[in-house]
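structure for the following, please:
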Amino acid sequence: MSTAQVLLRLPDDLVRRFKRSVPSRHRSAFVQQLLEQALPSEHGGDDPLYQAALAVEQDARLAGEMAEWEVATVADGLHATPRRKRRR
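Just a heads-up that it's a prediction; the model follows:
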């Protein structure tokens, strides 16, 4: 795996805490691990929110319930576009 050097600008107090908490030879691995945990993968297949959305779409009972809510909210009085203000 090839690597690249990245320049980050962080608040001084955060940098002090980082240097105090993570040994110098372990900082790159520490940041790499945080980024891997925080960022979605390139494939998107292991993203828990994506997986939850797929499961909801594939569940017939939930799909039926969502369809009922859609019908119920179409005429709820809320408008997708803002209405013009009334003159007084």
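
so where do the helices sit in this structure?
12-21, 27-38, 48-58, 60-74 (DSSP state H).

put together CSV for those, with mean pLDDT and distance to Ser2 on each row.
C-beta here means a position set from N, CA and C on the backbone, and glycine is covered the same way. Formatted as CSV, the helices of the chain follow (pLDDT from 0 to 100; distance: least, C-beta to C-beta, whole Å):
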stretch, mean pLDDT, distance to Ser2
helix 12-21, 97, 25
helix 27-38, 94, 13
helix 48-58, 83, 28
helix 60-74, 83, 44
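
dump those helices into CSV; add mean neighbour count as well.
Shown next, in CSV, are those (neighbours: other C-beta atoms under 10 Å):
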stretch, mean neighbour count
helix 12-21, 10
helix 27-38, 11
helix 48-58, 11
helix 60-74, 10
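
of all those helices, which one is nearest Val6?
Proximity to Val6 (C-beta to C-beta) singles out helix 27-38 among the helices of the chain, at 8.6 Å.

tilt between that closest one and helix 12-21?
110 degrees (axes from the mean of the first three to the mean of the last three C-alpha atoms, to 10 degrees).

contacting residues around helix 27-38?
Phe18, Lys19, Val22 (C-beta atoms under 8 Å, 6 or more residues apart in numbering).

now these in TSV, with distance to Trp69?
Shown next, in TSV, are these (distance: C-beta to C-beta, whole Å):
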residue	distance to Trp69
Phe18	46
Lys19	51
Val22	48
